[in-house]
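A.B. asks: Structural data only, the sequence is not supplied:
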């Protein structure tokens, strides 16, 4: 649904991509998120950074996939993707490794890669429009477990 509410705003260092969508913060009856700047997180494909250049594409007027009626953006995006051969291929790849690919996978990947990069939980939650509590409830499984490394490093110092 946030895609429907994308805006380009003037920022301190130039144009910035924002969403003005105010979604539920979760856990607090009626509390909504504030509009927020969106931060791209590049992933690698075949060893090269993959940048969709969403902000630049919007600036030149490129259309987003159809998002249907208000409140139905997720369903409309799912329908759009299901009709694309590349999506079907990616779903098959995911299935072959025991995973499931759905449109929400984009948000899951963003959370997982942000945690893997070592970003503080508070910053990841803010970037995704969550409270820290809601973020941890939904995405704590992506926080790398450094327990073994902490103990191994301590034991090296003692030995």
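C.D. replies: Perfect, I can see it now. For clarity, every value in this text was computed on a predicted model and none was experimentally measured. Residues are numbered from 1 along each chain as shown.

A.B. asks: When you work out contacts or count neighbours from here on, use the C-alpha atoms and nothing else.
C.D. replies: Fine.

A.B. asks: hey, where'd the strands end up in this protein?
C.D. replies: Along the chain, counting by DSSP state E, strands occupy 6-11, 14-19, 36-37, 43-45, 48-50.

A.B. asks: Tell me which of the ones you listed sits nearest to residue 67.
C.D. replies: Judged by Cα to Cα, the one of the strands of the chain that comes nearest to residue 67 is strand 6-11, at 12.4 Å.

A.B. asks: Could you pull out the buried residues of the closest one?
C.D. replies: With burial defined by 16 or more other Cα atoms under 10 Å, the residues of strand 6-11 counted as buried are 6, 7, 8.

A.B. asks: What is the nearest of those to residue 113?
C.D. replies: Nearest to residue 113 out of those is residue 6 (Cα to Cα; 22.3 Å).

A.B. asks: I'd like to know how far that closest one sits from residue 41.
C.D. replies: Taking Cα to Cα, to the nearest Å as the measure, residue 6 falls 17 Å from residue 41.

A.B. asks: and what of residue 73?
C.D. replies: Residue 73 is 22 Å from residue 41, by Cα to Cα.

A.B. asks: Can you say which of the strands of the chain is packed in most?
C.D. replies: Of the strands of the chain, the one with the most neighbours on average (mean count of other Cα atoms under 10 Å) is strand 36-37, at a mean of 18.

A.B. asks: Can you tell me the strand partners of it and which way each runs?
C.D. replies: strand 14-19 (antiparallel) (DSSP bridges).

A.B. asks: what's in contact with the strand it pairs with?
C.D. replies: 2-3, 5-10, 35-39, 55 (Cα atoms under 8 Å, 6 or more residues apart in numbering).

A.B. asks: Distance from the chain centre to that strand, please.
C.D. replies: Centre-to-centre, strand 14-19 and its host chain are 16 Å apart (Cα atoms, centre = their mean, to the nearest Å).
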